[in-house]
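A.B. asks: could you work out the structure for the sequence below:
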Amino acid sequence: MRPSNFRLMAIAVLCLVPAVASAQQDVRRPTTALPPRMVAAIDAAIADEMQKQELVGVALGVIHNGKVAYLKGYGLADAQKQTPVTPQTVFNWASNSKVVLAVAAMQLVQQGKLDLDADIRTYLPEFPDKGHTITVRHLLCHQSGIPHYSNGRIVRLTNRRFPPEAELDPVIAINRFAGSPLIFKPGERMEYSSFAYVALSAVVQKAGQQSLLEQIQTRIVRPLDMRSFQLDTPYMGQANWATGYNKNDQGLVAPVSDYAHFWKHGAGGYKSNIADFAAWAEALVNHKLMNHRTEQLMWTRQRTANGQETRNGLGVFVVGSGRDLEVYHGGSQDEARSYMRIFPARRQAVVVLTNCGYADTNKISARVAEILTNRAPSRTRQAN
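C.D. replies: Numbering: from 1, shown residues only. Presented below is the predicted three-dimensional model:
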């Protein structure tokens, strides 16, 4: 049987990822180490949370003094096969993908190729006029009025049905929702929207004049040597992918059918192992991807049109200030959850990946951060 066009397209996309298969033999190692007492406390906290939450598998990365200091897998990547989680196990980032897209967008802002306060239709005329100006900033800080998955009426832009592989282009993927009416006037309030980030994916592609995936590969993935980072295409035996789990109607943990999130792009379409997720967080801690001015802009809590401060920066959530500044983002899908918690002034971070869609990764990361910083961090909530 000849492979479908989608299979061929998915293979082509995966070929853009540098040496994914070689990640089995070449996984980065921590460049420093945590004190043994801290390691013991972290391992005990993870074991406790896994027992309480009935988790199948968890992967953890810790950045301490600006360096990746701890990488470890806990539990199982596949319960049926009894495959353990290791630092090579690949999990969905879910909405932590949004931070990658936000950095790609801010890099274009830094280069003068993208204006935060320009109408998105300046770059993406395919997006219909909604009677109000939606800016790039509105998309980044969730003030666009574009609905999320179920908080408004979702209307396709056209009735045309595109083949699945066409949605590897985010300009095509916006067809799923671009006909939807706004749920509020842009800038009026903050309300989380993954569809807004699919639109932002298309905007970044247009503004950067290069495919979104290649922009991310060129400016983020290759410089950081993130060898397992990839778009979540349909499963075809890709190395080290974790099996997803959720709780069924009887409250029992059960495998989740594979679903390819690639069409979400920077809204929730990326995945990697914990080593590369930690390398990503370490790059943010050490200012490797943006200059100071751009980074500070990204970490600044945004205000609504009436001046009310929100908890959103540009692509991240922000609490505290100075040495207590905490930048974070969560991710949630049926088969996976993630969390990234960064303390820029302390040069510390905690990243968590799990193959359980019911996990509270916020709580896991908070407990590890408390051990790392010797104080309780903000009890931030999960983002989708």
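A.B. asks: what is the subsequent helix or strand relative to the longest helix along the chain?
C.D. replies: Longest helix in the chain by number of residues, with DSSP state H as the criterion: helix 36-53. Counting by DSSP states H and E, the element after helix 36-53 in chain order, helix or strand, is strand 57-64.
A.B. asks: what about the strands in the chain?
C.D. replies: Assignment of strands within the chain using DSSP state E yields the ranges 57-64, 67-78, 83-84, 90-92, 230-231, 245-247, 253-255, 270-273, 317-319, 326-333, 336-343, 348-354.
A.B. asks: reformat those as TSV; add distance to Q215, mean pLDDT and mean neighbour count.
C.D. replies: (C-beta placed from N, C-alpha, C; glycine too.) Shown next, in TSV, are those (distance: least, Cβ to Cβ, whole Å; pLDDT from 0 to 100; neighbours: other Cβ atoms under 10 Å):
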stretch	distance to Q215	mean pLDDT	mean neighbour count
strand 57-64	25	98	27
strand 67-78	25	98	20
strand 83-84	34	98	14
strand 90-92	21	98	29
strand 230-231	13	97	24
strand 245-247	33	98	19
strand 253-255	34	98	14
strand 270-273	13	98	29
strand 317-319	24	97	20
strand 326-333	20	97	24
strand 336-343	21	98	28
strand 348-354	23	98	29
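A.B. asks: save the ones you listed as JSON lines, and put in distance to R28 too.
C.D. replies: Shown next, in JSON lines, are the strands of the chain (distance: least, Cβ to Cβ, whole Å):
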{"stretch": "strand 57-64", "distance to R28": "10"}
{"stretch": "strand 67-78", "distance to R28": "7"}
{"stretch": "strand 83-84", "distance to R28": "19"}
{"stretch": "strand 90-92", "distance to R28": "14"}
{"stretch": "strand 230-231", "distance to R28": "16"}
{"stretch": "strand 245-247", "distance to R28": "27"}
{"stretch": "strand 253-255", "distance to R28": "29"}
{"stretch": "strand 270-273", "distance to R28": "10"}
{"stretch": "strand 317-319", "distance to R28": "27"}
{"stretch": "strand 326-333", "distance to R28": "22"}
{"stretch": "strand 336-343", "distance to R28": "17"}
{"stretch": "strand 348-354", "distance to R28": "13"}
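A.B. asks: so for M190, which of those strands sits nearest?
C.D. replies: Of all the strands of the chain, it is strand 317-319 that lies closest to M190, at 10.3 Å by Cβ to Cβ.
A.B. asks: count of neighbours near L212?
C.D. replies: Applying other Cβ atoms under 10 Å, we find 25 residues neighbouring L212.
A.B. asks: that one reaches A104, doesn't it?
C.D. replies: Yes - using Cβ atoms under 8 Å, L212 is in contact with A104, at 7.4 Å.
A.B. asks: overlap in contacts of these two?
C.D. replies: Shared contacts of L212 and A104, defined by Cβ atoms under 8 Å, 6 or more residues apart in numbering, are found at 204, 266.
A.B. asks: quick one: contacts for A196?
C.D. replies: A196 makes contact with 138-139, 142, 144, 146, 267, according to Cβ under 8 Å, 6+ apart.
A.B. asks: out of the residues you listed, who's the most crowded?
C.D. replies: That'd be I146 among the contacts of A196, by other Cβ under 10 Å, with 31 neighbours.
A.B. asks: so that residue sits against F177, correct?
C.D. replies: Yes - counting by Cβ under 8 Å, F177 is a contact partner of I146 at 7.3 Å.
A.B. asks: quickly list what's touching both of these two.
C.D. replies: Shared contacts of I146 and F177 (Cβ under 8 Å, 6+ apart): F195.
A.B. asks: just give me the neighbour total for the spatially closest residue to D360 that is not a sequence neighbour.
C.D. replies: Ranked by Cβ to Cβ, 6 or more residues apart in numbering and with sequence neighbours excluded, the top spatial neighbour of D360 is Q53, at 6.2 Å. The number of residues packed near Q53 is 17, by other Cβ under 10 Å.
A.B. asks: so how far is G330 from Q53?
C.D. replies: Applying Cβ to Cβ, to the nearest Å, the value for Q53 to G330 is 15 Å.
A.B. asks: can you check A105 too?
C.D. replies: The gap separating A105 from G330 is 20 Å, by Cβ to Cβ.
A.B. asks: thinking again about what came up before, relative to I216, which of the strands of the chain is closest?
C.D. replies: strand 270-273 (8.3 Å).
A.B. asks: what's the offset of the closest one from the middle of its chain?
C.D. replies: Between the centre of strand 270-273 and the centre of its chain there are 9 Å (Cα atoms, centre = their mean, to the nearest Å).
A.B. asks: and it, which strands flank it?
C.D. replies: strand 90-92 (antiparallel), strand 230-231 (antiparallel) (DSSP bridges).
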